[in-house]
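> Return atomic coordinates for the entry below.
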Amino acid sequence: MLRQAMLAVSKSERAERVITTSPLTRDVVKRYVADDVVDVIDGLTREGLLVTVDHLGEEVTDRAQAERAVREYLALLDRLPPGGDASVKLTALGLRLSEQTALDNAATICEAAAVRGLTVTLDAEEHDTIGGLHFVHATLRKEHPDVGIVVQAYLPDAIERCEKLVGARVRLCKGAYTAPGAYTRPADIDRSFVRCLRILMAGTGYPMIATHDPRLIQIASTLAVLDGRDVNGFEYQMLYGVRPGEQHRLAGLGGQVRVYVPYGADWYAYLMRRLAERPRNLAFFLRSLLSRG
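The predicted model follows:
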């Protein structure tokens with residue numbers, strides 16, 4: 001119930017006005033959203049961590065906004081280190097306008113990334129965009145075979161999606177949205193996650209395991225050994241500001257660990273989804289506000 005309430009708050013314009021204009025939120029937001037993205041990227045890279053960077057913003061309503069998002073990503077690519085990745089939400093590139101608009105804009109970013117030896121991963125969003133996401137991804141892969149895609153385990157068709165993504169870079173996560181018919185019980189989501197994980201680890205693609213759940217991380221590590229994957233055959237992904245100690249522990253064991261770094265002024269919806277995922281984060285957020293009030 002708390003998760004559903006927080007996701008509803010993430011779509012509330014009134015709540016957004018209150019929270020984003022409060023002087024008390026700045027220090028809390030900086031824990032999860034990069035204030036100086038170049039400095040954060042440099043720091044993580046020095047620590048032996050990989051990065052995937054997301055310029056926050058979604059649901060654009062006109063072509064000019066989508067074009068600005070493309071320009072921001074092109075500038076971002078110049079800031080990424082070798083091995084870097086850009087996480088892109090297709091609604092920021094005009095998916096709500098048309099699939100072709102999002103495809104053309106995503107292709108521009110993928111072409112620029114390829115020149116620099118970088119990769120692009122297409123983020124999953126609300127359930128009604130999933131069809132467009134997979135269409136754009138499948139089309140892009142014809143010219144850019146290393147373009148990644150996100151599969152959300154809370155969706156009932158996640159397993160079938162993984163089975164169809166033969167040879168692809170796939171980021172597997174639990175899911176941070178709502179959808180009709182989606183799994184809501186944690187046990188059901190975890191079960192779906194593990195089933196997807198087995199398919200990806202046994203397949204020919206490149207699994208990107210996006211979770212902070214210790215049990216799922218252990219299962220991923222075990223499956224990697226059983227399926228004969230070396231440390232370069234998959235990676236762990238975690239959010240900036242969440243379990244940094246575990247990020248360094250896994251990297252210290254020789255694993256590839258990529259940190260998802262969001263930045264930009266349009267942070268509200270992102271932060272609310274993060275709080276919905278982890279009640280511990282919400283408690284931290286509320287304590288920080290109360291202690292400064």
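
> use CA for all of it now, contacts and neighbours both
Will do.

> Can you name the residues bridging to Asp123?
Asp123 has these beta-bridge partners by DSSP bridges: Lys89.

> Tell me, how many residues neighbour it?
20 (other C-alpha atoms under 10 Å).

> and what of Ala66?
Ala66 has 25 nearby residues by other C-alpha under 10 Å.

> Repeat that for Leu165.
By other C-alpha under 10 Å, neighbour count at Leu165 equals 20.

> cool, and the one 10 residues further on?
Residue neighbour count, defined by other C-alpha under 10 Å, stands at 23 for Gly175.

> Can you list phi and psi of it for me?
Here is the backbone geometry of Gly175 (degrees, to the nearest 10): phi 120, psi 140.

> what's it in contact with, if anything?
Contact partners of Gly175, counting by C-alpha atoms under 8 Å, 6 or more residues apart in numbering, are 152-155.

> please redo it, this time with the cut-off set to 6 Å
152, 154 (C-alpha atoms under 6 Å, 6 or more residues apart in numbering).

> what separates it from Ala114, distance-wise?
28 Å (C-alpha to C-alpha, to the nearest Å).

> Please apply the same query to Glu99.
From Glu99 to Ala114 the distance is 22 Å (C-alpha to C-alpha).

> again, but for Val259
Per C-alpha to C-alpha, Val259 is found 21 Å from Ala114.

> Which one's more surrounded, the two?
Taking other C-alpha under 10 Å, Val259 and Ala114 do not tie; Val259 has more neighbours (23 against 14).

> hang on, the more buried one packs against Met238?
Yes. Between Val259 and Met238 there is a contact under C-alpha atoms under 6 Å: 5.1 Å.

> mind listing the strands for this structure?
50-55, 85-89, 119-123, 148-152, 169-173, 206-210, 235-239, 257-263 (DSSP state E).

> contacting residues for Ile209?
171-172, 236-237.

> for those, which one is nearest Thr45?
Among the contacts of Ile209, Gln237 lies closest to Thr45 (C-alpha to C-alpha), at 14.2 Å.

> The closest one - how many residues pack around it?
24.

> dump the residue contacts of it.
209-210, 257-259.

> Any chance of TSV for the residues you listed, columns distance to Glu125?
Shown next, in TSV, are the contacts of Gln237 (distance: C-alpha to C-alpha, whole Å):
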residue	distance to Glu125
Ile209	17
Ala210	15
Val257	23
Arg258	20
Val259	19
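
> For Asp190, give its distance to Asp123.
Counting by C-alpha to C-alpha, the gap from Asp190 to Asp123 is 20 Å.

> that older thread, type out the ChimeraX command that picks the buried ones from the contacts of Ile209.
Remark: buried members of these, expressed as a ChimeraX selection using 16 or more other C-alpha atoms under 10 Å:
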select :171,172,236,237
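
> would you turn the contacts of Ile209 into a markdown table with pLDDT?
Output for the contacts of Ile209, formatted as a markdown table (pLDDT from 0 to 100):
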| residue | pLDDT |
| --- | --- |
| Arg171 | 98 |
| Leu172 | 98 |
| Tyr236 | 98 |
| Gln237 | 98 |
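
> was I right about Arg31 contacting Val242?
No. The criterion here is C-alpha under 6 Å, and Arg31 misses it with Val242 at 8.5 Å.

> The two: which has the busier surroundings?
Per other C-alpha under 10 Å, whichever of Arg31 and Val242 has more neighbours is Val242, with 17 against 13.

> What are the phi and psi values at the more buried one?
Reported as degrees, to the nearest 10, the phi and psi values for Val242 are phi -120, psi 120.

> got the contact list for it?
No residues are in contact with Val242 under the rule C-alpha under 6 Å, 6+ apart.

> Let me see the confidence value for it.
pLDDT for Val242: 87.

> Leu223 too?
98.

> That one: neighbour count?
Other residues lying near Leu223 total 18 when counted by other C-alpha under 10 Å.

> same check, this time on Asp54
Asp54 has 22 neighbours, counted by other C-alpha under 10 Å.
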